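In: here is my input, please return the structure:
(chains A and B)
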Protein chains: 2
Amino acid sequence: MKSFYQDLIRKNSTKIVLVILDGLGGLPRFPGGKTELEQAHTPNLDELAERSSLGLTVPLAPGVTVGSGPGHLAIFGYDPLENAIGRGALEALGVDFALRPDDIAARGNFCTLDKDGTILDRRAGRLASEKSARLVERLREIEIPGVEFFVELVKEHRFAFVMRKAGLGAKLSSSDPLITGVPPLAVRALDDDSKQAAELVNAFIARARQVLEDEQPANGIMLRGFALTPVIPSFKERFGVNAAAIAVNGMYRGVARLAGMQVLDVNGISLADEFTTLEAAWDAFDFFYLHFKKTDTCGEAGDFDGKVRAIEEFDLLLPRLLALNPDVVVIGGDHSSPAVMKSHSWHPVPLLLYAANCRSDGRREFGERACAAGSLGAIPAMQVMPLAMAHADRFEKFGA
Amino acid sequence: MKSFYQDLIRKNSTKIVLVILDGLGGLPRFPGGKTELEQAHTPNLDELAERSSLGLTVPLAPGVTVGSGPGHLAIFGYDPLENAIGRGALEALGVDFALRPDDIAARGNFCTLDKDGTILDRRAGRLASEKSARLVERLREIEIPGVEFFVELVKEHRFAFVMRKAGLGAKLSSSDPLITGVPPLAVRALDDDSKQAAELVNAFIARARQVLEDEQPANGIMLRGFALTPVIPSFKERFGVNAAAIAVNGMYRGVARLAGMQVLDVNGISLADEFTTLEAAWDAFDFFYLHFKKTDTCGEAGDFDGKVRAIEEFDLLLPRLLALNPDVVVIGGDHSSPAVMKSHSWHPVPLLLYAANCRSDGRREFGERACAAGSLGAIPAMQVMPLAMAHADRFEKFGA
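Out: Numbers count the residues shown, from 1 in each chain, chains lettered A, B, ... in the order given. Okay, here's the model as predicted:
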């Protein structure tokens, strides 16, 4: 859906950097204690905070814990409820597959069947990725005229399945009965538009059975979470910027690609490598999304100290970003991942917005409490991009 | 569109004063410095702030810089997106013309044409207002049966043009080609309903050419920004109050008139004169909108100190308002106009709401930072009037 903001876009050469520290928001280890971000020694962030506006973002709605997909869509300025990314599409994005509009994606897994086709093990003994890589090659041999199939290994028994043919519906039931001792289910069309897709998927599954017949333990496949690739307005359309994405992990690269960003190659997997990519691409784009995964990984693992160190790792590199003289710097997260909860959470996420023309809070601190008292307030994450655009002088005045 | 609040209106004799310090919000001259409002010496505002609730208003949407039209509509409680005021209508309102529903207004200007009708100067050398005043009189001689025309001088080469005839469409193209060396464009109907209006406008322009034939340098006219007068629910309908507007500048008087307020005559042009008008009318109304332009004028001119002095000028007069014992006092702005930006901006606008029953913040200070920490939070400007109504005990309880 077109955003009201699109009519206000003004051309400019200002540069915006949006840093997502994944799962940034946290909780203290004990009541009254410090959160991961408050605990971290962050002299560079603190100095920047003093010249910035602080606030909190609510990813989707109060009390709602989001996954990384909707969390990112929201801070990219898209309504996650209008632009749902199905599980199948996420799986494909997660292995860096370049989904196209009309592609139908699903989560696939190898399973073990007995000679009658009854499921003995839904995960084929979680076979090693090296073994499943070879099986994925076998699945790629399957051809059905008029349709293209793509199979990409995720890991162990899991793979991403993509079917490409224009005009298919994707309201399809799962073939996984979720129990053993019965055969896999036939995939059913859940609406009339999806009947052809169901036939094609079932044909693929039948062919897979033939192709894998002599394999052990993985002699069958199951598919679930079918989803059409969501078509969302590009960042260029919505904000008039040439956007680049710098991320190492597939899913984040994929969501950025969905939003029409150019996903840059990172030579390496460290945050420093991402900064090197940023520096090299600086002149070629006017918007940069830079993603740091480690904060979330540690949060989900319950590693409080690791998350503190991850934040400090970012803080040490921050001067390299500031040396590029960006016009607007936004530092936030897609959701909270408090280490004490070992999971994503609904808690609002710290937000820092720096620009020469921002109304700075003058508080030399970046943390949950400082942000809760910040002048931006607790705002829906979808408002972050409009604010960044305004501070970058990229919106016209509305009305006279 | 009817507001949900209208069903809650309760009759009462309480009085509400809404003071708009135009372009009130500001920015410091240097990071960490004071804004215009923070810099101003405002003992009376500070004393009132201590007994008031503070907050910030977001005129239309985060990141959006608004013009005075939508900025005022929002703080008057109307959705500026639903009630757009076209440029032509604003021009007519700006010269205090009493637009009626169905009126079509446009921005007009005199131009210089050669003998073949080619534009030599789109602004007729920006001729002096004294000269164009006489030409406006000539245009007023034009008569076409079945339709009324009004022409009002704005200044120099600019005038407001109004056409009055029931049922005309107003989707009309501009006659200004925006370049010289070509003739003015014929005005075209952009939809079927506007065909008659296009014919009438083109007939008027042709007659103007004849009437001005012997004039130099202004021997032609161009019209643009055609707009039907927006019809918005009156303040009486929406809030059940008898509303009076006290403003010196035409546009603000015009927007208030659109909202069905009675626009009072001010004997003079100073803020003190406006206060005298307020005192004289005190018993006759139960809602007063009082507008002060100088804060915005200085902001847009980049005159930081001038804006500080304008705020101090208001502060000195504030006791005269308080001496009237209003039940609710709201002091805010239609948008920010930071002197350092020399323009309107998107930054949220300081808001003070005083009433005996308000939940006062107890902070003896009225400024951007105090307001950012205020108990009202950062709220859409459209919520100001409902809050004022509640504090004036003018809403019934919803539900039992």
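In: residue numbers of the stretch 301-400 of chain A in contact with chain B?
Out: A:357, A:359-362, A:373-377, A:379, A:383, A:386-391, A:395-400 (C-beta under 8 Å from any C-beta of the partner chain). Just so you know, the C-beta spots here come from the backbone N, C-alpha and C atoms, and that holds for glycine as well.
In: now swap in chain A and tell me
Out: Counting by C-beta under 8 Å from any C-beta, chain A sits next to chain B at A:4-5, A:8, A:50-51, A:357, A:359-362, A:373-377, A:379, A:383, A:386-391, A:395-400.
In: and these, which are buried?
Out: A:5, A:8, A:50-51, A:357, A:359-362, A:374-377, A:379, A:383, A:386-391, A:395, A:397-400 (16 or more other C-beta atoms under 10 Å in any protein chain shown).
In: so which of the residues of chain A next to chain B belong to helices?
Out: Among those, the subset assigned to helices under DSSP state H consists of A:50, A:386-391.
In: export the residues you listed to a markdown table and append columns for pLDDT.
Out: Supplementary listing: those in a markdown table, determined by pLDDT from 0 to 100:
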| residue | pLDDT |
| --- | --- |
| A:E50 | 96 |
| A:P386 | 97 |
| A:L387 | 98 |
| A:A388 | 98 |
| A:M389 | 98 |
| A:A390 | 98 |
| A:H391 | 98 |
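In: let me know the closest of these to A:I246.
Out: Comparing these against A:I246 with C-beta to C-beta places A:A388 closest, at 16.5 Å.
In: correct me if wrong: that closest one contacts A:D327.
Out: No: counting by C-beta atoms under 8 Å, A:D327 is not a contact partner of A:A388; they are 9.4 Å apart.
In: overlap in contacts of these two?
Out: With contacts taken as C-beta atoms under 8 Å, 6 or more residues apart in numbering or on different chains, the residues that reach both A:A388 and A:D327 are A:I16.
In: list the helices and strands the helix or strand bottoming out on mean pLDDT in chain A packs on?
Out: Within chain A, no helix or strand scores below helix A:87-94, which has a mean of 87 by mean pLDDT, DSSP states H and E. Helices and strands touching helix A:87-94, by 3 or more C-beta pairs under 8 Å, 6 or more residues apart in numbering or on different chains; DSSP states H and E, are strand A:104-113, strand A:148-155, strand A:158-164, strand A:220-228, helix A:250-258.
In: any chance you could map the helices in the stretch 251-400 of chain A?
Out: Taking DSSP state H, counting those that start in this stretch to define them, one finds helices in the stretch 251-400 of chain A at A:271-281, A:294-301, A:304-322, A:368-372, A:384-391.
In: burial of whichever residue of the stretch 101-250 of chain A sits closest to chain B, as a residue count?
Out: Per C-beta to the nearest C-beta, A:F239 is where the stretch 101-250 of chain A lies closest to chain B, at 10.9 Å. By the criterion of other C-beta atoms under 10 Å in any protein chain shown, A:F239 has 27 neighbours.
In: would you map the helices across the stretch 1-150 of chain A?
Out: A:36-39, A:43-50, A:68-75, A:87-94, A:129-139.
In: out of these, flag the one nearest B:L99.
Out: helix A:68-75 (42.0 Å).
In: the closest one to helix A:294-301, inter-axis angle?
Out: 140 degrees (axes from the mean of the first three to the mean of the last three C-alpha atoms, to 10 degrees).
In: dump the C-alpha coordinates for helix A:68-75 into CSV.
Out: What follows is helix A:68-75, C-alpha atoms only, in CSV (Å, rounded to 0.1, in the frame of the first residue of the first chain):
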residue,chain,number,x,y,z
SER,A,68,13.2,-10.7,13.0
GLY,A,69,11.1,-10.5,9.8
PRO,A,70,8.3,-8.3,11.1
GLY,A,71,10.8,-6.5,13.4
HIS,A,72,12.9,-5.5,10.4
LEU,A,73,9.9,-4.6,8.2
ALA,A,74,8.6,-2.3,10.8
ILE,A,75,11.8,-0.4,11.3
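In: I'd say A:H335 and A:G69 touch.
Out: No: in terms of C-beta under 8 Å, A:H335 does not count as a neighbour of A:G69; the distance is 10.4 Å.
In: contacts only, for A:R238.
Out: A:R238 neighbours (C-beta under 8 Å, 6+ apart): A:3, A:5-6, A:77-78.
In: and what of A:L56?
Out: Per C-beta under 8 Å, 6+ apart, neighbours of A:L56: A:348-351, A:368, A:371-372, A:374, A:376-379.
In: ditto for A:L90
Out: With C-beta under 8 Å, 6+ apart, A:L90 has these contacts: A:67, A:69, A:251, A:254.
In: most neighbours among the residues you listed, which one is it?
Out: Highest neighbour count within the contacts of A:L90, by other C-beta under 10 Å: A:G254, with 27 neighbours.
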